[in-house]
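Chemist: attaching a predicted model along with its sequence, questions to come.
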Amino acid sequence: METFQKPLTQEEEAGYIRLLRHGSPEEAERAQKTLVERNLRLVVHIVKKYQNADEDMEDFISIGCIGLIKAIRTFDEKKGRLATYACRCIENELLMFLRGKKKSSREVSLFEPIGQDKEGNEIHLVDVIEQNQPDIIESMELTGNIRRLLALMDVSLTERERRIIIMRYGLYGNREVTQNEIGEALGISRSYVSRIEKKALSKLRERFEKE
């Protein structure tokens, strides 16, 4: 089982961030090293989600560490804790790595000849495979974005706004309902439901893009 150094407290983290930004080169280097070591558990935790991918886990951890270092260097301490920001950076780095490997693999294999047709023309793999297969990487990105939106709903919306969005779009396994049905359930008009829905979606979009 992996053993990791104890996570930094918020005060410790803020101190190392200050040294990284404003300390001497030696202090900045030590601060970055400490921040990486104390957040390494995040890399391993996220990499575990990709255990079924046909890649070496050590490669994944190395790529994840690159994302962690980028997060440490670009983190704005005014926007919360480093761990939250680092998780997104680590996952983004892994997804870019997978996307690049996928593109490279296609360039190498899909256009290689695999035979000839009746007229003697070369047949390539890209000619015979289905082009509308689901994109696993895009699916993973969508899943991640959905998780982010659900989390943002809890911190960005009022209780009424949150309830209307859940009912309107059938979140958490509920059935999608119309604005009229929501209005009847909440005792308000359909047009008022529509205004609340638009306002809630606007708040979510703004918060999502900002983060």
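Modeler: Thanks, I have it.

Chemist: output the contacting helices and strands for the helix or strand harbouring F208.
Modeler: Using DSSP states H and E, F208 falls within helix 190-210. Judged by 3 or more CB pairs under 8 Å, 6 or more residues apart in numbering; DSSP states H and E, helix 190-210 is in contact with helix 136-156, helix 159-169, helix 179-186. To be clear about C-beta, it is placed using only N, CA and C from the backbone, and glycine gets the same treatment.

Chemist: weakest of these in terms of mean pLDDT?
Modeler: Of all those, the minimum mean pLDDT falls on helix 136-156 (a mean of 66).

Chemist: wait, doesn't A31 sit right on S24?
Modeler: No: in this structure A31 lies outside contact range of S24 using CB atoms under 8 Å: 10.2 Å.

Chemist: neighbour count: these two, which is higher?
Modeler: A31 (20 against 9; other CB atoms under 10 Å).

Chemist: just checking, which helix or strand of the chain averages the lowest pLDDT?
Modeler: helix 125-128 (a mean of 48; mean pLDDT, DSSP states H and E).

Chemist: what angle do the helix holding F208 and helix 179-186 make?
Modeler: Inter-element angle recorded for helix 190-210 and helix 179-186: 100 degrees (by axes from the mean of the first three to the mean of the last three CA atoms, to 10 degrees).

Chemist: excluding chain neighbours, what is closest to P7?
Modeler: Distances taken as CB to CB, 6 or more residues apart in numbering place R38 nearest to P7, at 5.8 Å, with adjacent residues excluded.

Chemist: how close does the one you found get to L19?
Modeler: To L19, R38 is 13 Å away according to CB to CB, to the nearest Å.

Chemist: swap in I69?
Modeler: 16 Å.

Chemist: same question for E159.
Modeler: Using CB to CB, E159 is found at 42 Å from L19.

Chemist: what is the neighbour count of I72?
Modeler: Neighbour number of I72 under other CB under 10 Å is 22.

Chemist: assign a three-state SS to it, would you?
Modeler: Using DSSP: H, G, I helix; E, B strand; the rest coil, the structure places I72 in helix.
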